[in-house]
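Return atomic coordinates for the entry below.
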Amino acid sequence: MINVGILGCGKIAQVRHIPEYAENPDVKLAAFYNPSRKRAEEQAEKYGGKVYDTAEELLADKSIDAVSICAANYAHAELSIKAMEAGKHVLCEKPMATTLADCEAMVECAKRTGKFLMIGHNQRLARAHVEAKRLIDQGLIGDIISFRTTFGHGGPETWAINPGKNVWFFDKKKAAMGAMADLGVHKTDLIQFLTGQRVVRTTARLVTLDKRGEDGELIGVDDNAVCIYEMSGGAFGTMTASWTYYGAEDNSTVLYGTKGIMRIYDDPAHSIVVKLSDGEEQTYDVEQIQTNDNQTKSGVIDLWVDCLKNNTPPEISGESALYAMRAVFASIESSQTGRVVEIEANK
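Residues are numbered from 1 along each chain as shown. Here you go, the predicted model:
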């Protein structure tokens, strides 16, 4: 039995991590910490386990094998490093950290301590994305020439544990970044997964168009991001992240290959639609993508527990997540400077 601790008992923990751990027969939810103790107590009452007054006290418990870091963005690196140094394996929510230096420090710590570090890039695990990857690798649409990938919804203020305009996602001190880190990192990781290529050059604009705090002023982080990505294998395309899609959520990806076009989560009737250059059309009904309003099992926790149980390093490791995070920070730099930014480390 794997004893797991939860650091941060907000919405992502309550909707994804905690219930998925509870459903896994190889896991015992043993420990909870949250800055507001009452929230941790509520989860312990529901699932069992002990509540700790501080993160440090939880991490000092030698019976805890692994932890989920579900805190606000600014705390990811510090908690992850403390946990690994305390002998715990770490599953950390995205974005990995709020600076590239912190991301690299997390990876270095995992290597130094020998502990697993996995990042919650769950788009790789969506069944249609897994099937699309299989079809792409088989050569169904040929070599990928260009793409567009999008993740947009109405914003985190309606989904957060305390809904409203004062959510921590809008606080630059706690979140550091907005839609780019919340949604863009998912699609950045995904396009690298699907194409088998890394982002090596980005031209980006991150803007705040509509989101306002309780004071009526525009929030301090971006609510929209548009990036032009150039990939290591020659593919070229756009990544769009938005918190201002006030309607149906858009979580689509379209890949344009030398033999045809693949649309993923872009058609309401079919999760994958392929139109080949000879006129043939193929459809694949795998599953509909989960949305903020329609949460389904992410697969992250089961994959993580399998890694722990079998002592197998996670595929979605901190080291693999670095490629996406470099593209995120390079895109921020591009937006700030108005220049194309090269990502030498991804080449």
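
which residues of this protein fall in helices?
Per DSSP state H, the chain carries helices over the ranges 11-12, 18-23, 37-47, 55-60, 76-85, 100-113, 127-137, 172-175, 179, 185-195, 300-310, 318-337.

can you give me the offset of the first one from its chain's centre?
Chain-centre distance of helix 11-12: 13 Å, with CA atoms, centre = their mean, to the nearest Å.

Give me the pLDDT value at Ile161.
On the pLDDT scale, Ile161 is placed at 72.

Repeat that for Met262.
Here, the pLDDT recorded for Met262 equals 98.

Please report the number of neighbouring residues for it.
Residues lying near Met262 (other CB atoms under 10 Å) number 26. For the C-beta atoms, the positions are set from N, CA and C on the backbone; glycine is no exception.

For it, give me its contacts.
Met262 makes contact with 132, 135-136, 140-141, 254-255, 272-274, according to CB atoms under 8 Å, 6 or more residues apart in numbering.

7 Å instead?
Each residue near Met262 by CB atoms under 7 Å, 6 or more residues apart in numbering is listed here: 132, 141, 255, 272, 274.

Now distance to Lys38, neighbour count and pLDDT too, for those residues, in TSV please.
Listed next are the contacts of Met262 as TSV, based on distance: CB to CB, whole Å; neighbours: other CB atoms under 10 Å; pLDDT from 0 to 100:
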residue	distance to Lys38	neighbour count	pLDDT
Ala132	43	27	98
Ile141	52	22	98
Leu255	47	25	98
Ile272	44	22	97
Val274	50	22	98
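
TSV for those, including distance to Ile81?
Listed next are the contacts of Met262 as TSV, based on distance: CB to CB, whole Å:
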residue	distance to Ile81
Ala132	35
Ile141	41
Leu255	37
Ile272	39
Val274	44
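
what's the closest of those to Arg205?
Proximity of the contacts of Met262 to Arg205 (CB to CB) peaks at Leu255, which lies at 23.1 Å.

From the chain's centroid, how far away is stretch 11-26?
16 Å.

tell me how far the ends of that stretch are from each other?
With CA to CA, to the nearest Å as the measure, stretch 11-26 spans 23 Å from end to end.

how about it: buried residues?
For stretch 11-26, the neighbour count (16 or more other CB atoms under 10 Å) marks 11-14, 16-22, 24 as buried.

ok so, going back, and of the helices of the chain, who's closest to Thr150?
That would be, of the helices of the chain and by CB to CB, helix 185-195, which comes in at 7.1 Å.

and the angle for that closest one with helix 127-137?
On the basis of axes from the mean of the first three to the mean of the last three CA atoms, to 10 degrees, helix 185-195 is oriented at 30 degrees to helix 127-137.

I'd like to know which elements helix 185-195 is packed against.
Counting contacts by 3 or more CB pairs under 7 Å, 6 or more residues apart in numbering; DSSP states H and E, helix 185-195 packs against helix 127-137, strand 144-152, strand 236-242, strand 253-257, helix 318-337.

Can you name the residues in contact with the second one?
Which is strand 144-152. Counting by CB under 7 Å, 6+ apart, residues outside strand 144-152 touching it are 183, 186-187, 190-191, 195, 235-242, 245, 249-258.

Please repeat the previous calculation with a cut-off of 6 Å.
183, 186-187, 191, 195, 235-242, 245, 250-257 (CB atoms under 6 Å, 6 or more residues apart in numbering).

next one: the fourth one
The set of residues external to strand 253-257 that reach it, using CB under 6 Å, 6+ apart, is 141-142, 144-149, 262-264, 266.

follow-up on the earlier one: quick check: of the contacts of Met262, which lies closest to Ala126?
Nearest to Ala126 among the contacts of Met262 is Ala132, at 9.2 Å by CB to CB.

hang on, the closest one packs against Ile264?
Yes: between Ala132 and Ile264 there is a contact at 5.1 Å, judged by CB atoms under 6 Å.

First-to-last residue distance for stretch 190-199?
End-to-end span of stretch 190-199 (CA to CA): 11 Å.

which phi and psi does the residue of the chain positioned farthest from its centre have?
Going by CA atoms, centre = their mean, the residue of the chain most distant from its centre is Asp278, 36.5 Å out. For Asp278, the backbone dihedrals are phi -90, psi 0 (criterion: degrees, to the nearest 10).

ditto for Cys70
Per degrees, to the nearest 10, the backbone of Cys70 is at phi -120, psi 30.

gap between the closest residue to His121 other than its chain neighbours and Leu125?
Counting by CB to CB, 6 or more residues apart in numbering, the nearest residue to His121 once its immediate chain neighbours are dropped is Asp189, at 4.4 Å. Applying CB to CB, to the nearest Å, the value for Asp189 to Leu125 is 11 Å.

for the helices and strands packed on helix 185-195, which one sits closest to Leu303?
Using CB to CB, those put helix 127-137 closest to Leu303, at 11.4 Å.

Measure how that closest one sits relative to strand 253-257, angle-wise.
Angle of helix 127-137 versus strand 253-257, following the same axes, to 10 degrees, is 10 degrees.
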